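Colleague: kindly generate the corresponding structure for this input.
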Amino acid sequence: MEATQLGLGVLVALVLVALAFDFMNGFHDAANSIATVVSTRVLKPYQAVLAAACFNFLALFIFHLSVAATVGKGIVDQGIVDHYLVFGALTGAIAWNIITWYYGIPSSSSHALIGGLVGAAVAKAGTWVLIPPGILKTVAFIFISPLVGMLFGAVLMLAVSWIFVRTTPSRVDRWFRRLQLVSSSLYSLGHGGNDAQKTVGIIWMLLIGAGYLGAKDPVPVWVVIACYVTIALGTAFGGWRIVKTMGQRITKLRPVHGFCAETGGAAMLFVATLLGIPVSTTHTITGAIVGVGSTQSVSAVRWGVAGTIVWAWVLTIPCSAFIAAIAWAVARGLLS
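Modeller: Numbers count the residues shown, from 1 in each chain. The predicted structure follows:
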């Protein structure tokens, strides 16, 4: 597609839609960063969201744009990307985020975006345009990231329990109320580093498809800054419906549990971001919380709530893909 085929006004409008998704991503996933630290009463809600927003933005200066490259170039063939496809993908992702936010279900904004891309691309050109390696590793980490988060959270909890076995509960609480400030910040850093890059990848894909950038050109600095600022603003506004589910409905949390869950989840996010894998921060922290809860006893975890969340994970990609395919067809029919 030549650059002249896509007017500047249309390009700006689509960039704004992408940033709206980025804002919704921060808003929707704020609970991942702050639920444990709020539920354990280490920080008040407004303090937690402001801290999380700051660390979301600081991730800009720490992580390489590996995840953006995967989303922008590793999910669908760039040769078929146009403004209708990008609009359909973003519409599918935003719609699914709104639905799950309304019902307080911690689904994945990341996988909603991937599902949106897949649905719009297949509606346009069929399955041949999908890039299997990028999709397979993304789908694999639907299961790997919560399992690794669960493992890290459980191992940390067991290690802390062994180290502090002779320490009084009140002293443990005092120590981990302070340490949870560190773990919460690390998780927010990982959240910003992985999730903001997904919107960077979408805008990068759009600019290349529209002809404003070459396939080998780097991401413009303004795109990166805009995406990190926007996700930080979304986090600052917070997703309070999901905070309750993440913080108290899965298992009861104390500061030591919050520290282990956040630290285990952050470790998983850091590894995935360095490898360029777009993982779900929602899946990761949920797995870590379940891992921490299961070290107390199997009955400490409300498995019914966890099961509902898992169903949302399974449905995210197909549902967002279906919505995106419809949005692509409507946009193509009305605007072409």
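Colleague: only C-alpha atoms for contact and neighbour calcs from this point on.
Modeller: Fine.
Colleague: okay, now the unreliable bits of this protein?
Modeller: 1-6, 30-33, 106, 238-252, 297-309, 336 (pLDDT under 70).
Colleague: 80 - rerun?
Modeller: Scanning the chain for pLDDT under 80 picks out 1-8, 28-46, 48, 101-108, 215, 237-253, 282-283, 294, 296-314, 335-336.
Colleague: mind checking the longest helix of it?
Modeller: helix 169-209 (DSSP state H).
Colleague: tell me the buried residues in the helix or strand following that helix?
Modeller: The helix or strand immediately downstream of helix 169-209 is helix 221-237, counting by DSSP states H and E. Neighbour-count burial for helix 221-237 flags 223-224, 226-237 (criterion: 16 or more other CA atoms under 10 Å).
Colleague: quick one: which of these is nearest Gly88?
Modeller: Nearest to Gly88 among the buried residues of helix 221-237 is Cys227, at 19.4 Å by CA to CA.
Colleague: skipping adjacent residues, who's closest to that closest one in space?
Modeller: Ala196 (5.8 Å; CA to CA, 6 or more residues apart in numbering).
Colleague: the one you found is in contact with Ile231, isn't it?
Modeller: Yes - using CA atoms under 8 Å, Ala196 is in contact with Ile231, at 6.2 Å.
Colleague: got the contact list for Ala321?
Modeller: Neighbouring residues of Ala321 by CA atoms under 8 Å, 6 or more residues apart in numbering: 89, 92, 112, 115-120.
Colleague: give me the nearest residue to it, chain neighbours excluded.
Modeller: Closest to Ala321 by CA to CA, 6+ apart is Gly119, at 3.8 Å.
Colleague: check which helix or strand covers the residue lying farthest from the centre of the chain.
Modeller: Distance from the centre of the chain peaks at Arg166, with 38.4 Å (CA atoms, centre = their mean). Arg166 is located outside every helix and strand, with elements delineated by DSSP H and E.
Colleague: phi and psi next, for Ala210.
Modeller: phi -80, psi -10 (degrees, to the nearest 10).
Colleague: counting neighbours, what do you get for it?
Modeller: Neighbourhood size, Ala210 [other CA atoms under 10 Å]: 22.
Colleague: Leu117 versus that one, what's the distance?
Modeller: Per CA to CA, to the nearest Å, Ala210 is found 16 Å from Leu117.
Colleague: follow-up on the earlier one: which neighbours do Ala196 and Ile231 share?
Modeller: Both Ala196 and Ile231 are in contact with Asp22, where contact means CA under 8 Å, 6+ apart.
Colleague: and stretch 93-100, what's buried?
Modeller: Buried residues in stretch 93-100 (16+ other CA under 10 Å): 93-97, 100.
Colleague: would CSV of those with secondary structure and distance to Val81 be doable?
Modeller: Below are those laid out as CSV (DSSP: H, G, I helix; E, B strand; the rest coil; distance: CA to CA, whole Å):
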residue, secondary structure, distance to Val81
Ala93, helix, 17
Ile94, helix, 19
Ala95, helix, 21
Trp96, helix, 22
Asn97, helix, 23
Thr100, helix, 27
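Colleague: name the nearest of these relative to Ala13.
Modeller: For the buried residues of stretch 93-100, the nearest to Ala13 is Ile94 (15.2 Å; CA to CA).
Colleague: just put the contacts of Ala321 in TSV and tack on secondary structure, neighbour count and distance to Tyr46.
Modeller: Formatted as TSV, the contacts of Ala321 follow (DSSP: H, G, I helix; E, B strand; the rest coil; neighbours: other CA atoms under 10 Å; distance: CA to CA, whole Å):
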residue	secondary structure	neighbour count	distance to Tyr46
Ala89	helix	32	32
Gly92	helix	30	30
Ala112	helix	31	27
Gly115	helix	30	32
Gly116	helix	36	32
Leu117	helix	32	34
Val118	helix	30	37
Gly119	helix	29	37
Ala120	helix	32	38
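Colleague: farthest-apart pair in those, please.
Modeller: Farthest pair in the contacts of Ala321 (CA to CA) is Ala112 and Ala120. Separation: 12.1 Å.
Colleague: still on that earlier bit, from memory the residue nearest to Ala321 sits against Cys319, does it?
Modeller: No - using CA under 8 Å, Gly119 makes no contact with Cys319, being 9.1 Å away.
Colleague: what sits closest to Ile34 if chain neighbours are left out?
Modeller: Going by CA to CA, 6+ apart, Ile34 has Ala48 as its nearest residue, at 5.8 Å.
Colleague: relative to Ala35, how far out is that neighbour?
Modeller: 9 Å.
Colleague: more neighbours, these two?
Modeller: Neighbour count, other CA under 10 Å: between Ala48 and Ala35, Ala35 has more, with 28 against 25.
Colleague: tell me which helix or strand the more buried one sits in.
Modeller: helix 8-39.
Colleague: which strands and helices sit next to that helix?
Modeller: helix 45-58, helix 83-102, helix 109-125, helix 169-209, helix 221-237, helix 240-244, helix 255-274, helix 281-296 (3 or more CA pairs under 8 Å, 6 or more residues apart in numbering; DSSP states H and E).
Colleague: repeat that for 7 Å
Modeller: If contacts are counted by 3 or more CA pairs under 7 Å, 6 or more residues apart in numbering; DSSP states H and E, helix 8-39 sits against helix 45-58, helix 83-102, helix 169-209, helix 221-237, helix 240-244, helix 281-296.
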